[in-house]
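Visitor: When you get a sec, could you give me coordinates for this:
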Amino acid sequence: MSEVMTGPAGGAADVPPAGAHPFRPDSPSGPGTWSLTWHGVRTVAVLELRQRVRSTRWIVSLVAWMVVIGALTALIRSALHGFDISASDADVGATMFGVIVFLVLSLGMLVSPALSATSVNGDRAAGILATMQSTLLSPAELAVGKLLAAWVSALALLVTALPFVLWAYLEGGTQITRLIVTLGLLALTLLVVCAIGLGYSSLTARTPSSAVLTYVTVAFMALGLPLLFALTVPLITSTETVPRRESVEVGQSGDVTSSRCETRTVTTERLHTERSWWLLAPSPYVVVADAAPKPSNGFLGDPLTGIRRGVREARLGPDPVEDWCGDDVSEQSYSERQRQSADLPAAWPYGLGADLLIGAGFLVLTVRRLRTPTARLPRGTRIA
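Guide: Purely as a prediction, here's the structure:
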């Protein structure tokens, strides 16, 4: 016989219904917006992943992704080995590693939005979202669970591309720390992309709209910010009077012209990139390139090192003295500038922090849009 609980007046007390959430007491108002448990997040993530695994399109996408990455890797390796026969295997390996990393990053940012940009509005259109919102799952658990499922799916793409990244690593010129740091940042970048897609999915009623907005935002972060940096050149260019070392002819003996370096004061236009370099920092390409350690053989011609050096040069701004001589003094000035560039603090923490902040903002937006009851829905939105 079941035990009956009585209240102060002798009546039956409120008894939690069977099957109530084990970690959250049932209440008339339901779970709080920001209530978060691993049980709830895992439940949502597992449901999302099961839907993806049962879809044949997901398997076809993985196979197609692997074939494309493999074919491009083979073509890149063949091109690099045939381009400069004088380059060492380590130099070619370092270059190949940088190119493959950027290839995986580019294709990952192209495919990942499709994994989350239809997550919320797609379920709402199918009448699934309202059912999940009527359970004890909180809006935060729904949002984080969907984000986790999309990220795991994106990591599956990274795992299928891993053999080709390791192929480039085994070509030489890349130390293990460079491989680990690069893979970690690739994973975090995919997380940010998935968060952006999830936010737009909760904001718009139509799945094509959320997908397009996600692609536009990701493209702006990756390529639009460097383009914006280039467009600011007129704003950071000023006319200044600076010293300049240049070669001056002092005489001619037969066919031989003698010259010497002199320092003159000239008025010229100066490009102060130190004022706008921060526009480059949030770009995923800059984050990955700046964080990756240098090649093990000290090679400076690979894409990762080239972008890192370019960003650091932009942070330094113009030289105090323009040097056009090319003599020993010029070499010393160049060495000093390289030392100053190497001593600059890394730029990637600023960029990565900005990217993670953007992803967190879209996640917060998703949680707020999943709150119930909903005060306002777009016209034509299906409730259940």
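
Visitor: surely residue 337 meets residue 318?
Guide: No - taking contacts as C-beta atoms under 8 Å, residue 337 lies outside contact range of residue 318: 10.6 Å. Just so you know, the C-beta spots here come from the backbone N, C-alpha and C atoms, and that holds for glycine as well.

Visitor: The longest helix seen in the chain: which residues count as buried?
Guide: The residue-count maximum for a helix in the chain (DSSP state H) belongs to helix 139-170. By 16 or more other C-beta atoms under 10 Å, the buried positions in helix 139-170 come out as 139-151, 153-158, 160-162, 164-165, 167-169.

Visitor: Report the distance from that helix to the chain centre.
Guide: Its chain's C-alpha centre and that of helix 139-170 lie 13 Å apart, by C-alpha atoms, centre = their mean, to the nearest Å.

Visitor: Tell me which other helices or strands it touches.
Guide: Counting contacts by 3 or more C-beta pairs under 8 Å, 6 or more residues apart in numbering; DSSP states H and E, helix 139-170 packs against helix 38-54, helix 56-83, helix 89-111, helix 113-116, helix 119-125, helix 129-133, helix 176-203, helix 348-369.

Visitor: for the stretch 1-150 of the chain, which spans come out with low pLDDT?
Guide: Counting by pLDDT under 70, the ranges of the stretch 1-150 of the chain that qualify are 1-31, 54-55, 83-87.

Visitor: The nearest residue to residue 319 once chain neighbours are set aside is in what secondary structure piece?
Guide: The shortest distance from residue 319 to any non-neighbouring residue, by C-beta to C-beta, 6 or more residues apart in numbering, is to residue 337 (6.7 Å). Counting by DSSP states H and E, the element that carries residue 337 is helix 328-343.

Visitor: What mean pLDDT does that helix get?
Guide: The pLDDT scores in helix 328-343 average 79.

Visitor: residues making contact with that helix?
Guide: The contact list for helix 328-343, computed with C-beta atoms under 8 Å, 6 or more residues apart in numbering, reads 245, 261, 309, 312, 313, 315, 316, 319, 321, 323.

Visitor: pLDDT check: weakest of these?
Guide: Among the contacts of helix 328-343, residue 323 carries the lowest pLDDT, at 79.

Visitor: May I have the beta-bridge partners of that one?
Guide: With DSSP bridges as the criterion, residue 323 is bridged to residue 245.

Visitor: Touching, it and residue 245? I think so.
Guide: Yes - assessed by C-beta under 8 Å, residue 323 is found in contact with residue 245 at 4.7 Å.

Visitor: I am finished for the moment; much appreciated.
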